[in-house]
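only geometry, no sequence info:
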C-alpha cells in the first residue's frame, strides 16, 4: 500500500529494554521525521533526516537513536527505555523542507 | 527561539456556525511556513491548510481559511459552516529551514467540539 506506515501500532515494554519503532514510506520523500506527542506539549520533534545517511537532532533527542540506511525507512530506537518515554510516536515524511508533512498512524508506546 | 502558542485549549461551536481558532508564534525569520493540522479521534494527523509567509494573500481551502497577520505574528484558522466531522484537535505549526538547520514546531493544540 502506498503511503507511510508505522509498526507496531501499540507496544508495551519495561524500563531498561531496547525498543525499535519502524517507519516506512513509499513516496521516496527525501525528508523523514520522528515526533512524540504528549498531553500539554503538542508534537515535539525528536530527530529528522534529510536523506539516506543524513540525520539531525530535533527538540528532544535524548534517549533516542535513529538511522537511515535506505530512503524509505527511518527506524527510531530507544536504547534503554524509561517511563518518561511513554508517549505516542509519529513518523512523517515530506518532499522538502517547509512543505506539507505526511504523517503515519502513530505508535502508542507504554514503558512500565 | 521560535515558539508557537495556542491559547485556547478547547472551543465549542454549533453545527453550521463559524468558529475561529487562534495561533500566535514568535520568530525572527522573515521567510517561513505556517500550517494547521487536524487530528481526529483516529489520531491521524491531517493537513488542513498551509501558508507561506512571503505571500500576503490568506490561504483558503473550501470551508477553511486563515487570517495571517505577519507583523502581529498571528495565524488564526476560521472554519465556516461547521460540521460534526470537524470535531478534532487542531494544531498550529511553524516551519523554517536552511542548510543544516531545520525547525518544525507545533502548538499544544485546541480541541474543537461541534454541537448538533
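Good, I have the coordinates. Computed from a predicted model, the values in this text were never measured in an experiment.

who's in contact with the most centrally placed residue in chain A?
Geometric centre of chain A, nearest residue: residue A:34, 3.1 Å, by C-alpha atoms, centre = their mean. By C-beta atoms under 8 Å, 6 or more residues apart in numbering or on different chains, the contact list for residue A:34 reads A:21, A:23, A:45-48, A:58, A:64, A:66, A:74, A:76, A:89-92. Every residue, glycine included, has its C-beta placed from N, CA and C.

among those residues, which are in reach of chain B?
Checked against chain B using C-beta under 8 Å from any C-beta of the partner chain, these give the following subset in range: A:45, A:48, A:58, A:90, A:92.

for the first one, what are its contacts?
Meaning residue A:45. With contacts defined as C-beta under 8 Å, 6+ apart, the neighbours of residue A:45 are A:33-35, A:58-60, B:103-105.

least confident pick among the ones next to chain B among the contacts of residue A:34?
Minimum pLDDT across the ones next to chain B among the contacts of residue A:34 is recorded for residue A:58, with 89.

Excluding residues flanking it in the chain, which one is nearest that one?
For residue A:58, the nearest residue in space outside its immediate sequence neighbours is residue A:45; the separation is 3.1 Å by C-beta to C-beta, 6 or more residues apart in numbering or on different chains.

Kindly report the same for residue A:8.
With C-beta to C-beta, 6+ apart, the residue lying closest to residue A:8 is residue A:107, at 6.2 Å.

pLDDT wise, what is the one you found at?
Here, the pLDDT recorded for residue A:107 equals 97.

where does the chain have low pLDDT?
I went with chain A, as the question did not name one. Scanning chain A with the threshold set as pLDDT under 70 gives A:1-2, A:98.

looking at chain B here, not the other one
Applying pLDDT under 70 to chain B flags the ranges B:100.

hey, where'd the strands end up in it?
Taking DSSP state E as the test, the strands found in chain B are B:3-5, B:10-14, B:19-21, B:24-26, B:33-39, B:46-52, B:60-61, B:64-69, B:74-79, B:88-98, B:101-106, B:110-115.

now the residue nearest to residue A:8, which residues is it bridged with?
Residue A:107 forms beta bridges with residue A:89, as assigned by DSSP bridges.

Over to residue A:13?
With DSSP bridges as the criterion, residue A:13 is bridged to residue A:111.

which residue packs closest to the residue nearest to the spatial centre of chain B, ignoring adjacent ones?
What sits nearest the mean C-alpha location of chain B, by C-alpha atoms, centre = their mean, is residue B:36, with 3.1 Å. With C-beta to C-beta, 6+ apart as the criterion, residue B:36 has its nearest non-adjacent residue at 4.3 Å, and that residue is residue B:48.

got it, and residue A:112?
Distances taken as C-beta to C-beta, 6+ apart place residue A:14 nearest to residue A:112, at 5.3 Å, with adjacent residues excluded.
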